[in-house]
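> 3D model of this:
(one chain, ligands or ions: 1)
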Amino acid sequence: MGGSILPAHWEQRAALRPADRGGDMNRRAVSSATLLLLAAVAAGVAPWLAYREAHYQAHRAEADLALGYARDITRRTDETGRQAFRGIDQLEASGFPPCSVESQALMRRIDLSSTYIQAIGYVRGDTLACSSMGMQPVALGAKTFRTSRNVVVHTRVPLAGDISSPLIGIQRGDYAVLFHRDLPLDTWTTVPDVSLAALHLEMKDSGTPMTNRGYVDRRWLEQLGDKREVTFLTDRYLVAVVRSPSYLNAGVAAVPRAHLDRRTMDIAMRVVPAGVVAGIALALAILLLARRQMSLASAIRHALRKNEFFLVYQPIVELATGKWVGAEALLRWRRATGELIGPDLFIPVAERTGAITKLTERVLRLVQEDTGRFLADHPTFHVALNLSAADLLTTTIVDLLDQLLHRTGARPSNVLVELTERALLDIGPARKVICDLRARGIEVAIDDFGTGYSSLSYLESLELDYLKIDRSFIEAIGTRAPTSQVVSHIIPMARAMGLRMIAEGVETREQADFLIENGVQYAQGWLFAKPMAFAELCLALERMNGVQANEDLAAQVTQT
Ligand SMILES: Nc1nc2c(ncn2[C@@H]2O[C@@H]3COP(=O)(O)O[C@H]4[C@@H](O)[C@H](n5cnc6c(=O)[nH]c(N)nc65)O[C@@H]4COP(=O)(O)O[C@H]3[C@H]2O)c(=O)[nH]1
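Modelled structure (predicted):
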């Protein structure tokens, strides 16, 4: 069993700050079955998302294209209108008699100087009596419609009697301008079968657009509403409509859906394979995680057989005196390879796979081996033990603790049991075990308080002795963290419930001073001592007792 069996991200999580731990454990509690399901979903979802992305990109590209065409048509139609009305304005302002030599000369000048106008002339009845083309009368054909601005549009000017002629006439007052119907649509397109049109907005119900190429549905204008421009999908087209800022016109471009589908497929051919690869990679990563979880569970069982677990003990200090009044037993796992694994990594897996009760049994045996007669000889010192939810489901744990007391000669007060809020979720069995323990004189603490799910009324319903303030709240003391005030709320609450308090993770003198000032009785943390082997703890205690004895002696000498 060489190499690390831990997923890399677990190793990173081991370095997470305390505030992250609650959620982190919950996340890790995802079962292997869920991971397998996730893998299957990931394998299918990534290609699907890639296809959706291809569709979205194609739609956006085609919509931009259609909008570009429609904007160009609107710009060209506006320019036609501008040139036509400027010419008419000039003729009206000239004061020349209609069809006079001067008037015709002006018509020719207007015609020659404009890019869009084919002819401009004087209207008599339905005919241009004279125009920039000369005195030859030109029939304007039927009026197609009159706009609210009193402009008459002739959409089929029958040049020399030919009604298929490509000219359109715009008449205002006594003058009219002729222009080629293709001019507004003369936009460069890359889509061969795109439909283009310039529509008058007031012509919604009439059957004829002002000018068009390809199929155009006048009802498309309804989609414009008050907007300046719009794109939308119909059964057969992706349509763009752009309103003219100057006239009551709109440019329309409709790209066939078949073209959109082709573009979607083109993009899909590029991105879906990447989606398939990503899906497979994601699924493999999830499967690997599931496999690692399973192998970690079997590695825990193997480690139990091979005695790879051991305990370290972190002193619990009475804040008022600095005296070490107890120590928390913390489990460690040293693999045959020398790799050291912390409980934050393996306890959640053990809890999930049911191996935790075996681990707890091992902890009790290790405490027995480590402490020997120590507890019997130090009645005021206690060892704090962590129990999990599964340990509370039967009363076996009570028997095991009885055995520990019996074999070591320890008193019940030598043992403190720590239960996390998570362990108390199944309140029925937990209550029974807590009662049994306390009936024997074994005290009980609620651990990591504030990080779990328990409500105050829930806690009040339990008989407890200690409340351990989670180190994430201690860490926040004196900072601007949002949780910096939590500890100030926990302390009076614990006091009101008659609970003694142990602050976890005290690292600075300022934190300790704050806790002392606020009446917290006990603490543990690196400020006082890091977890250590039991033998080391005994030596440290001996040293401290020696110093204390010397100080006591010195005090007595000074008094006498
Ligand atoms: N940053 C910082 N950390 C400090 C400081 N002082 C103590 N710690 C760490 O805080 C954790 C305190 O244990 P816990 O809250 O009971 O949290 C424990 C406990 O819930 C669980 N655990 C440990 N041993 C056992 C066990 O034997 N059985 C069960 N069921 N759970 C255990 O694993 C958790 C993590 O244990 P550890 O990794 O040993 O981490 C320990 C300890 O090493 C400090 O000043 N700063």
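> now stretch 440-448: how far from the chain's centre is it?
40 Å (CA atoms, centre = their mean, to the nearest Å).
> which outside residues touch it?
21-22, 382, 384, 386, 398, 401-402, 411-413, 415-421, 424, 434, 437-438, 454, 459, 462-468, 470, 499, 502, 504 (CB atoms under 8 Å, 6 or more residues apart in numbering). No exception for glycine: its C-beta is placed from N, CA and C like everyone else's.
> Make a ChimeraX selection of the buried ones in these.
The ChimeraX selection below is limited to those of the contacts of stretch 440-448 classed as buried (16 or more other CB atoms under 10 Å):
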select :21,22,382,384,386,398,401,411,412,415,416,417,418,419,420,421,424,434,437,438,454,459,462,464,465,466,467,468,470,499,502,504
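> Helices along the stretch 101-250 of the chain, start to end?
Ranges of helices in the stretch 101-250 of the chain, per DSSP state H, counting those that start in this stretch, are 101-113.
> Can you pull out the low-pLDDT segments for it?
160-164, 204-209 (pLDDT under 70).
> And the strands in it, which stretches?
Along the stretch 101-250 of the chain, counting by DSSP state E, counting those that start in this stretch, strands occupy 117-124, 127-131, 138-139, 145-146, 151-159, 162-172, 175-180, 195-200, 211-213, 229-233, 237-243, 249-256.
> Let me know which of those is the nearest to the ligand.
Nearest to the ligand among the strands of the stretch 101-250 of the chain is strand 229-233 (56.7 Å), distances taken as CB to the nearest ligand atom.
> which neighbours does that closest one have in its sheet, and in what orientation?
Using DSSP bridges, strand 229-233 pairs in its sheet with strand 237-243 (antiparallel).
> Confirm that Gly275 sits in a helix.
Yes: Gly275: assigned to a helix according to DSSP: H, G, I helix; E, B strand; the rest coil.
> Kindly provide the distance from it to the ligand.
According to CB to the nearest ligand atom, to the nearest Å, Gly275 stands 40 Å off from the ligand.
> Spit out the contact partners of that residue.
Contacts of Gly275 by CB under 8 Å, 6+ apart are Ala46, Pro47, Trp48, Leu49, Ala50, Tyr51, Glu53.
> Show the pLDDT at it.
As predicted, Gly275 sits at a pLDDT of 88.
> same question, Gly342
92.
> my guess is it contacts Pro348, does it?
No: judged on CB atoms under 8 Å, Gly342 makes no contact with Pro348 at a distance of 11.3 Å.
> more crowded one of the two?
Of the pair Gly342 and Pro348, Pro348 is the one with more neighbours under other CB atoms under 10 Å, namely 22 against 13.
> Show me what the helix or strand where that one lies is packed up against.
Following DSSP states H and E, the helix or strand that holds Pro348 is helix 343-353. Applying 3 or more CB pairs under 8 Å, 6 or more residues apart in numbering; DSSP states H and E, one finds that helix 343-353 contacts helix 8-14, helix 21-28, helix 257-305, strand 324-334, helix 356-371.
> okay if I get the ones you listed as JSON lines plus distance to Ala240?
Listed next are those as JSON lines, based on distance: least, CB to CB, whole Å:
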{"stretch": "helix 8-14", "distance to Ala240": "47"}
{"stretch": "helix 21-28", "distance to Ala240": "47"}
{"stretch": "helix 257-305", "distance to Ala240": "12"}
{"stretch": "strand 324-334", "distance to Ala240": "66"}
{"stretch": "helix 356-371", "distance to Ala240": "64"}
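> among those, which is nearest Leu224?
Comparing the helices and strands packed on helix 343-353 against Leu224 with CB to CB, the closest turns out to be helix 257-305 (20.3 Å).
> Contacts for whatever helix or strand comes next after the closest one next, please.
Downstream of helix 257-305, the first helix or strand assigned by DSSP H and E is strand 309-318. If you take CB under 8 Å, 6+ apart as the criterion, strand 309-318 is touched by 303, 323-334, 359, 362-363, 366-367, 370, 382-384, 502, 521-524, 528-534, 537, 540.
> from the chain's centre, how far out does strand 309-318 sit?
40 Å.
> Spell out which parts of the stretch 451-560 of the chain neighbour the ligand.
Arg471, Glu504, Gly505, Val506, Glu507, Gln524, Gly525, Trp526, Pro531 (CB under 6 Å from any ligand atom).
> Name the member of these with the most neighbours.
Val506 (27 neighbours).
> Point out the ones among the contacts of stretch 440-448 that are inside strands.
Mapping the contacts of stretch 440-448 onto strands (DSSP state E) picks out 382, 384, 386, 415-420, 466-468, 502.
> Identify the residue spatially nearest to Thr371, adjacent ones excluded.
Excluding the flanking residues, the one nearest Thr371 by CB to CB, 6 or more residues apart in numbering is Thr408, at 5.9 Å.
> just Asp266 next, same as before
Closest residue to Asp266 apart from its sequence neighbours, by CB to CB, 6+ apart: Ala58 at 7.6 Å.
> picking up where we left off before, closest one to Arg292 out of the contacts of Gly275, please.
Ala46 (21.5 Å).
> Need the three-state assignment for the closest one.
helix.
> That one: neighbour count?
Using other CB under 10 Å, Ala46 has 21 neighbouring residues.
> could you flag which of the contacts of strand 309-318 are buried?
Here, 16+ other CB under 10 Å leaves 303, 323-333, 359, 362-363, 366-367, 370, 382-384, 502, 521-524, 528-529, 531-532, 534, 537 buried among the contacts of strand 309-318.
> what's near enough to touch Asp235?
Arg257.
> which residues touch the closest residue to Val487 other than its chain neighbours?
Closest residue in space to Val487, ignoring its immediate chain neighbours: Phe473 at 4.6 Å, by CB to CB, 6+ apart. By CB under 8 Å, 6+ apart, Phe473 lies in contact with Gly450, Thr483, Val486, Val487, Ile490.
> I'd like to know how far the residue nearest to Gln521 when sequence neighbours are not counted sits from Tyr56.
In space, Gln521 comes closest to Arg500 once its chain neighbours are excluded; the distance is 5.3 Å by CB to CB, 6+ apart. Distance, Arg500 to Tyr56, using CB to CB, to the nearest Å: 61 Å.
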